[in-house]
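Q: Fold the following, please.
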Amino acid sequence: MKIIRRPMIAATVVIVADLLTLALAFILNLIRGSIPANYRYVEDKVYIEITHPYDLFGIFTVAALVTAVVMTGCIIAAAITGAKANTVSRIVGAAVLLVISVPLILFSHYFICGLPARNYACFVFNDNEYTVAIQETEYSDGTGTVEVFRLNEREHEHNGTAEHEHYSVEFLTASELFDFSTDSTRYELEWGYSNDLVIRFQDKGSYRSFHIRMEQAAE
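A: Now for the predicted structure:
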């Protein structure tokens with residue numbers, strides 16, 4: 001194979017793959033605000049499922065990691081089968097290239113996709129007009145977010161022959177969260193003038209609040 005005979009080709013492929021991954025991550029992050037996420041209320045789990053087209057970046061990440069591993073393997077194979085005087089230096093060079101490449105690719109992945117969620121809690125509140133869901137998400141590094149959604153009931157018929165979703169989900173607001181709860185008692189909801197919603201809760205020893213204009217959020 002030409003790649004085994006010419007390890008510089010393999011090294012160049014790895015470097016190009018790294019640069020492409022970083023460049024794509026940078027571009028995707030710039031246009032993130034123009035690409036909305038999709039929300040779905042899973043009733044049996046009381047959970048807002050959040051998906052985003054950027055989740056597919058994981059496929060690109062895997063491809064880049066496989067490319068880095070295969071190409072450095074080719075460099076090592078070339079070092080073993082080539083001139084013995086350069087064997088050690090080529091193997092060390094391949095190892096260094098892989099050690100640099102893998103963190104860069106993983107950084108790009110987490111820069112776009114974020115850290116995996118470790119735990120979540122979703123609380124649903126109803127008044128005579130609105131249904132509001134407040135969801136806490138804790139990530140693997142201990143950080144977290146609190147997100148507020150409105151659940152809009154869909155018109156549907158129960159004919160017993162097809163599955164359907166009872167609610168469409170509308171994102172309202174979100175913020176960073178430091179303390180996580182196990183029940184809904186931490187949240188106080190108050191409807192103000194013109195059906196404005198005020199959500200108060202305690203987080204890390206201080207009181208915080210959301211003030212949401214429900215008319216502006218209406219479909």
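Q: Not counting its neighbours along the chain, what's nearest the residue sitting nearest the centre point of the chain?
A: Ranked by distance to the mean C-alpha position of the chain (Cα atoms, centre = their mean), the top residue is residue 113 at 3.6 Å. Taking Cβ to Cβ, 6 or more residues apart in numbering as the measure, residue 113 lies nearest to residue 57, with 5.7 Å between them; neighbours along the chain are not counted. Where you see a C-beta, it was placed from the backbone N, CA and C, and this is true even at glycine.
Q: Could you do residue 171 as well?
A: The nearest residue in space to residue 171 (Cβ to Cβ, 6+ apart) is residue 149, at 5.7 Å.
Q: For the one you found, give me its contacts.
A: Taking Cβ atoms under 8 Å, 6 or more residues apart in numbering as the contact definition, residue 149 lies against 39, 41, 48, 132-135, 169-172.
Q: ok, of those, which come out buried?
A: Among these, those classed as buried by 16 or more other Cβ atoms under 10 Å are 39, 41, 48, 132-135, 169-170, 172.
Q: Low-confidence bits of the protein, can you list those?
A: Of all residues in the chain, those with pLDDT under 70 make up the ranges 1-5, 82-85, 155-165, 194, 215-219.
Q: could you pull out the strands for it?
A: With DSSP state E as the criterion, the chain has strands at 38-42, 47-51, 117-126, 131-139, 144-153, 167-177, 188-191, 197-203, 206-212.
Q: chain center to the fourth one: distance?
A: Put simply, strand 131-139 sits 15 Å off its chain's centre (Cα atoms, centre = their mean, to the nearest Å).
Q: ditto for the longest one
A: For strand 167-177, the separation from the chain centroid amounts to 15 Å (computed by Cα atoms, centre = their mean).
Q: what do you get for the third one?
A: With Cα atoms, centre = their mean as the basis, the distance from the averaged C-alpha position of strand 117-126 to the chain average is 17 Å.
Q: which other helices and strands contact it?
A: Judged by 3 or more Cβ pairs under 8 Å, 6 or more residues apart in numbering; DSSP states H and E, the packing partners of strand 117-126 are strand 47-51, strand 131-139.
Q: Partner strands of it and their direction?
A: As defined by DSSP bridges, the strand partners of strand 117-126 come to strand 131-139 (antiparallel).
Q: Could I get the CA-only coordinates of the strand it pairs with as PDB?
A: As requested, C-alpha coordinates have been extracted for strand 131-139 and formatted as PDB (Å, rounded to 0.1, in the frame of the first residue of the first chain):
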ATOM      1  CA  THR A 131     -49.500  24.000  31.000                       C
ATOM      2  CA  VAL A 132     -45.800  24.700  31.800                       C
ATOM      3  CA  ALA A 133     -43.000  22.200  32.100                       C
ATOM      4  CA  ILE A 134     -39.800  23.000  34.000                       C
ATOM      5  CA  GLN A 135     -36.900  20.600  33.300                       C
ATOM      6  CA  GLU A 136     -33.600  20.400  35.200                       C
ATOM      7  CA  THR A 137     -30.700  18.700  33.400                       C
ATOM      8  CA  GLU A 138     -27.500  17.800  35.200                       C
ATOM      9  CA  TYR A 139     -24.400  17.100  33.100                       C
END
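Q: And for it, what's in contact with it?
A: Counting by Cβ under 8 Å, 6+ apart, strand 131-139 makes contact with 41, 47-48, 114-126, 144-153, 167, 169, 172, 177, 180-181, 184, 187, 189, 197, 199, all of which sit outside it.
Q: Alright, that wraps it up for me.
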